[in-house]
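> show me the folded form of this:
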Amino acid sequence: MNGTPRPLDELTRRSAQWLARSAAVAERHTAAVVADPFDRAAWEDVHAQSAALRELAAELAARHPGTRHPGARHPGDLTDDLLADVFLAAYLPAPRLREPAAMAPSHRVNHRIVTALTDAPEFAALHRETAGDPYAAALAVLAQAPAVRALLDRTREARERTGEADRAGRAAADAATAVAETVRQAAGAAGEDGSVPAPAADAVRRAIEAAEAAEAAARRESRAAAQALTAALPGVRATARRATATAAEAVRQEAALMRAWGVGSGELRRMPFGERARLAERLRGGRLARWAELIGRFRQMADGERARKVENATGELVGVTLGDDLSRVLPSELAALGVPALRAVFASRYAAGELMLYDNRGEQSTGRGAVIACVDTSHSMYAEGPGGITREAWSKACALALLDQARRAGRDFVGILFSAADKLRVHRFPADRPATVTDVLDFAETFLGGGTDFQRPLSTAAGILEQEYDDTSRMRGDIVLITDDACEVTETWT
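Model (predicted):
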């Protein structure tokens with residue numbers, strides 16, 4: 001073939017497939033989850049604020065040196081990209097994964113891992129708690145960290161094979177680019193009749209042969225990588241399912257812990273990341289962290305009781321009266337209508353308003369003054385009762401339930417913690433100001449210790465109600481004494 005001119009259109013036809021392949025390789029991605037820049041900014045923001053996430057990323061990068069893919073749209077370390085994908089799968093309202101063929105070979109292991117996580121039956125329960133909540137999604141990533149480590153260990157061979165496939169693919173892309181360059185040079189050297197000089201044509205031929213060899217090597221490496229991924233798949237699925245279940249439980253427990261302390265999901269999502277992390281750490285490590293479920297049950301029970309019980313509600317039967325309300329007339333009066341001779345008597349009594357009726361009373365408010373809970377925090381309250389629950393936990397749970405009821409009724413709440421006569425703390429929660437979770441925790445976690453004296457806390461409570469009446473004329477306040485003991489009081493005080 002040397003010395004023989006070749007038509008340019010023939011060379012162009014032979015090189016066309018390499019030009020297309022070069023463009024296709026450049027479109028490969030390193031992110032398994034499809035996300036826009038705003039969603040990725042959420043991950044970057046969380047990553048910047050969470051020291052635990054940064055430590056995890058550094059550990060994984062050191063343990064599993066990553067692969068960078070220069071041809072990808074978003075080049076990045078393999079382990080960093082994996083953590084971002086795990087976060088986005090939990091965070092996005094409707095996560096969508098790319099097609100495996102669109103992924104860079106070096107990152108197809110990530111695709112398999114994220115697919116296994118999102119396909120787990122437990123993922124739906126996890127996603128209900130984390131969708132749209134960057135903090136909860138970050139918590140899910142941290143909860144899955146042990147499994148992510150195990151998955152990266154399990155897929156080490158597959159990652160090595162996909163790394164080889166990635167390098168072979170880039171070599172094929174470089175060879176394809178070389179074909180394009182030699183064709184461009186040949187086109188510049190072509191004559192008016194479209195013939196290409198022999199040296200230029202030979203250069204195109206050699207470039208095409210090199211591209212064919214590189215393509216064959218890339219196909220071999222790709223098959224080997226696919227086999228390695230398939231071999232690792234069963235273990236990946238089992239580990240991913242356990243990881244998703246663990247993350248779902250961790251996120252659920254933290255959400256339950258927040259709810260037990262009166263922090264709603266809306267308030268949590270508005271809370272800055274750092275503040276929320278500090279609050280969660282305090283709740284998990286506080287004196288009453290073990291009894292969060294008990295406290296939550298008390299508060300829910302009291303809320304249900306308040307919704308069910310009112311004084312003198314409409315429809316409550318309290319006796320018999322006289323009147324002309326036919327909706328409340330006694331059956332014995334209605335029976336008179338069935339006797340023709342008594343119908344005139346019924347009509348007469350109806351006109352005079354003298355029919356016998358059920359007497360119902362309407363709803364009345366049960367109290368508008370403050371609710372004051374005097375809570376014993378002497379040494380004996382630290383003892384454990386049935387089920388291993390301390391008396392302090394029971395008393396604080398009850399007091400917090402009273403706080404909730406006061407808030408819902410628009411009433412002030414005052415928590416008086418007492419023990420010996422010289423130990424007393426007063427925590428005020430006015431109805432016209434929000435009860436912050438920090439203030440509630442300060443009240444709930446304070447424990448004074450010492451002996452027991454009733455006179456000072458009860459006198460303080462009575463004084464608060466008296467002052468309230470003098471200032472606002474509010475009446476019918478409530479004082480609740482929560483204690484496990486008895487103490488002597490003076491006759492004068494009594």
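
> surely Ala462 is within a helix?
Yes: the assignment for Ala462 (DSSP: H, G, I helix; E, B strand; the rest coil) places it in a helix.

> confirm for me that it is in contact with Ile479.
Yes: Ala462 is within contact range of Ile479, at 7.3 Å (criterion: Cβ atoms under 8 Å). Just so you know, the C-beta spots here come from the backbone N, C-alpha and C atoms, and that holds for glycine as well.

> who's more crowded, the two?
Neighbours per residue, other Cβ atoms under 10 Å: of Ala462 and Ile479, the larger number sits with Ile479, 19 against 13.

> quick one: secondary structure of the more buried one?
Classified using three-state DSSP, Ile479 is strand.

> roughly how far apart are it and Ser459?
Separation of Ile479 from Ser459 (Cβ to Cβ, to the nearest Å): 11 Å.

> so who does Cys374 touch?
Contacts for Cys374 (Cβ atoms under 8 Å, 6 or more residues apart in numbering) come out as Ile416, Phe418, Pro457, Leu458, Ala461, Ile479, Val480, Leu481, Ile482, Thr483.

> let's go with 6 Å and repeat that
Ile416, Pro457, Ala461, Leu481 (Cβ atoms under 6 Å, 6 or more residues apart in numbering).

> output those residues as JSON lines; include the columns distance to Glu55.
Below are the contacts of Cys374 laid out as JSON lines (distance: Cβ to Cβ, whole Å):
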{"residue": "Ile416", "distance to Glu55": "44"}
{"residue": "Pro457", "distance to Glu55": "47"}
{"residue": "Ala461", "distance to Glu55": "49"}
{"residue": "Leu481", "distance to Glu55": "49"}
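
> selecting buried members of those residues in ChimeraX, what would you type?
Remark: buried members of these, expressed as a ChimeraX selection using 16 or more other Cβ atoms under 10 Å:
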select :416,457,461
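
> between the contacts of Cys374, which is nearest Arg368?
For the contacts of Cys374, the minimum distance to Arg368 (Cβ to Cβ) is 16.5 Å, reached by Ala461.

> in this structure the closest one contacts Ile479, no?
Yes: using Cβ atoms under 6 Å, Ala461 makes contact with Ile479 at a distance of 4.7 Å.

> neighbours of Gly353, how many?
11.

> wait, I meant Ala421
Neighbour count of Ala421, defined by other Cβ under 10 Å: 15.

> contacts only, for it.
Contact analysis of Ala421 by Cβ under 6 Å, 6+ apart lists Asp453, Arg456.

> Asp153 too?
So Asp153 contacts nothing (Cβ under 6 Å, 6+ apart).

> ok now the helix or strand that contains it, how far from the chain's centre?
Secondary structure assigned from DSSP states H and E places Asp153 in helix 145-154. Helix 145-154 sits 22 Å away from the centroid of its parent chain (Cα atoms, centre = their mean, to the nearest Å).

> identify each buried residue in that helix, please.
Neighbour-count burial for helix 145-154 [16+ other Cβ under 10 Å]: Ala145, Ala147, Val148, Arg149, Ala150, Leu151, Leu152, Arg154.

> looking at those, spot the one nearest Arg278.
Ala145 (20.6 Å).

> check whether the closest one really touches Glu55, as I assumed.
No: Ala145 lies out of contact with Glu55 (Cβ under 6 Å); the separation is 9.8 Å.

> any stretches of the stretch 151-300 of the chain with poor pLDDT?
Counting by pLDDT under 70, the stretch 151-300 of the chain shows low-confidence ranges at 157-165, 168, 187-194, 196, 221, 224-234, 264-265, 287-293, 296, 299-300.

> can you pull out the helices in it?
156-189, 198-260, 265-270, 273-285, 292-308 (DSSP state H, counting those that start in this stretch).

> closest one to Glu491 among these?
With respect to Glu491, and counting by Cβ to Cβ, the nearest of the helices of the stretch 151-300 of the chain is helix 292-308 at 35.6 Å.

> surely Ala373 forms part of a strand?
Yes: under three-state DSSP, Ala373 sits within a strand.

> for Ala89, grab phi and psi.
Ala89 adopts backbone torsions of phi -60, psi -40, taken as degrees, to the nearest 10.

> and it, what pLDDT?
As summarised for this prediction, Ala89 has a pLDDT of 94.

> would you check how far apart it and Glu333 are?
Using Cβ to Cβ, Ala89 is found at 70 Å from Glu333.

> confirm Arg428 sits in a strand?
Yes: according to three-state DSSP, Arg428 belongs to a strand.

> apart from its neighbours in sequence, what residue is nearest it?
Distances taken as Cβ to Cβ, 6 or more residues apart in numbering place Val414 nearest to Arg428, at 5.4 Å, with adjacent residues excluded.

> burial check on the one you found, number of neighbours?
24.

> quick check: bridge partners of it?
Beta-bridge partners for Val414, by DSSP bridges, are Ile372, Arg428.

> list the contacts of it.
Ala370, Ile372, Arg428, Ile464.

> contacting residues around the first one?
For Ala370, the contacting residues are Asp412, Val414, Glu468, Gly477, taking Cβ under 6 Å, 6+ apart as the criterion.

> again, but for the second one
Counting by Cβ under 6 Å, 6+ apart, Ile372 makes contact with Val414, Ala461, Ile479.

> how close does the first one sit to Tyr469?
Val414 sits 14 Å away from Tyr469, going by Cβ to Cβ.

> before we move on, what about the last one?
Look at Ile479 and Tyr469: by Cβ to Cβ, they are 13 Å apart.
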